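Enquirer: Please find the sequence and the predicted model below.
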Amino acid sequence: MNKGNILEDAVIMKNITKTFPGVVALNGVSFSVKKGEVRGLVGENGAGKSTLIKILTGAYIPDEGEIEIFGEKFKELNPIISERKGIAAVYQDLMLANHLSVYENIFLGSEFSKFGLINKKEMIKRTEELMKELGYKGLIRPLEKVANLGSAQKGMVAIAKALAKDAKVLIFDEPTAVLAEKERDELFRVISKLKDSGITVIYISHRLEEIFEICDTVTVLKDGEVVGTKEVNETSEDELITMMVGRELKKEIFEEREIGDEILKIENLKSGKVTNCSFSLKRGEIVGLYGLVGSGRTELARALFGAEPIEEGKIYLKGQVIHKLSPKLSIRRKMGLVPEDRREQGLALKLSVKHNINLPIYPHISRVGIVNNKAELKNTLYFIKTLSIKTPTVTQKVEYLSGGNQQKVVLAKWLASGAEIFILDEPTNGIDVGTKEEIYRLINNLASKGNAILFISSYIPELISICDRILVMREGVIAGQVVKENFSEEKILSIALKTKK
């Protein structure tokens, strides 16, 4: 990537320390980034990336340290001061008001007005100018409801919202997690354009290949401390991984397993976006499911678990037709769903680690409504140890855990339930490379013990690394299947995009 003109420091953070009960999130961190620079920020879940960014955006107040923004020094920030100084963030969950129009979202809270009257015409005009700057003139209309936009277009609205507030430092936190390849390339084009205009970009991602594609430099955090900062053209993925996790990761996760009898069979399933889907799962098998955004992958997963109504088709479990479906019945049938949105659908965030892990099995460890506390604690400690869940206590609220540890709690819940069929929807989304390796090995071990896995992912390399075969969805149907000996990104994408290879 062309480095352009990197000038003076935009942000300098000196000796930043931040602690939470039982956790040192940041320990004397010093971090600086220059005007017009695209800086990658990487590290395992819990390394301190989010805490550092929240201090910069004014959401958290540091215990110690100093912040300098374009030469002006601060002991602490708040969201209003941070925004006025040109700091803005675009998060994975875009926090847009779907029921409002594009221009209303962009100027929400900072409407153009005079004598108490909203100047709608001027806001629409400015929205058109912003879309032109981003290369989206005519593609995103100011009056369009945000709910009608695709993922990439919503991302552009979030960026335009930041630019409307005269952002000089733009932070991207896992922005490509829900984007298809074409949408990702479009985002990178816009980031390059922002850089050329002198805007500083801090780019957080667990996908290291993106760091090398879009960034000038990269800073690695580990356990709340800076391990080092590298020029991207002077380092490698292997070096960054070693810096992040303190060890080299094994390249090959997949191991040969014995494939057993068919345990789940779906015939001509129809549910919402899903139309006429048929496939099967066998014991000991890891079956991948790939599709572009909107292809119906998540809807299929939810329908199988009983979270979405099935209009037509049959589901066979161990050879027997299932006549009624619901999440409660699926749990009884030893099925588990790790949803795409773990925070909204997979966890009770306000409850403790202990409560979340035991949720599916309270009927089994209770008598006349009284929980067997000894069994509850024993079960919790077992899975904290087995899955290496990092938590200060079993009573820690799940909302305060890192993303990777939250995902482990979701998995622990289904392991505790004794599930035999695991439906995993983007199980490594927003998770660092070290935790990903742990989850891959856990999935492989589950399959080795005779469990069946449906592994849904928008990241083809991980499907190729662990799956026995890969189903490809397109427009609500299973459009094709690729067996292991024919695995290639080109082949899988060709089916998803309906092109010939």
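Expert: Alright, I've got the coordinates. Residues are numbered from 1 along each chain as shown.
Enquirer: helices and strands of the protein: which one bottoms out on pLDDT?
Expert: Across the helices and strands of the chain, the lowest-confidence element by mean pLDDT, DSSP states H and E is strand 113-114, at a mean of 75.
Enquirer: partners of the helix or strand following it, with directions?
Expert: Scanning forward in sequence from strand 113-114 by DSSP states H and E, the next helix or strand is strand 117-118. Sheet partners assigned to strand 117-118 using DSSP bridges are listed as strand 113-114 (antiparallel).
Enquirer: Now do the residue sitting furthest away from the middle of the chain, the pLDDT please.
Expert: Taking C-alpha atoms, centre = their mean, the residue of the chain most remote from its mean C-alpha position is Phe115, at 43.5 Å. Predicted confidence (pLDDT) for Phe115: 72.
Enquirer: what residues are up against it?
Expert: Residues near Phe115 by C-beta atoms under 8 Å, 6 or more residues apart in numbering: none. In short, each C-beta sits where N, CA and C put it, glycine included.
Enquirer: and it, how far is that from Glu231?
Expert: 53 Å (C-beta to C-beta, to the nearest Å).
Enquirer: again with Lys273
Expert: 44 Å.
Enquirer: repeat for Ile370
Expert: Ile370 is 61 Å from Glu231, where distance means C-beta to C-beta.
Enquirer: higher neighbour count, those two?
Expert: Neighbours were counted for Ile370 and for Glu231 using other C-beta atoms under 10 Å; Glu231 has more, 11 against 8.
Enquirer: That one reaches Asp216, doesn't it?
Expert: Yes: Glu231 is in contact with Asp216 according to C-beta atoms under 8 Å; the separation is 7.3 Å.
Enquirer: would you list every one of the strands in the stretch 301-450 of the chain?
Expert: 312-317, 320-321, 335-338, 366-367, 370-371, 421-425 (DSSP state E, counting those that start in this stretch).
Enquirer: out of the ones you listed, nearest to Lys49?
Expert: Closest approach to Lys49 among those (C-beta to C-beta): strand 335-338, 23.0 Å.
Enquirer: what pairs with the closest one, and is each one parallel or antiparallel?
Expert: Strand pairing for strand 335-338, using DSSP bridges, gives strand 421-425 (parallel).
Enquirer: quick one: the strand it pairs with to strand 312-317, angle?
Expert: Counting by axes from the mean of the first three to the mean of the last three C-alpha atoms, to 10 degrees, strand 421-425 lies at 130 degrees to strand 312-317.
Enquirer: Please compute how far strand 421-425 lies from its chain's middle.
Expert: Centre-to-centre, strand 421-425 and its host chain are 17 Å apart (C-alpha atoms, centre = their mean, to the nearest Å).
Enquirer: What of stretch 197-215?
Expert: 16 Å.
Enquirer: picking that back up, what about the strands of the stretch 301-450 of the chain, which gets the closest to Asn27?
Expert: strand 335-338 (32.4 Å).
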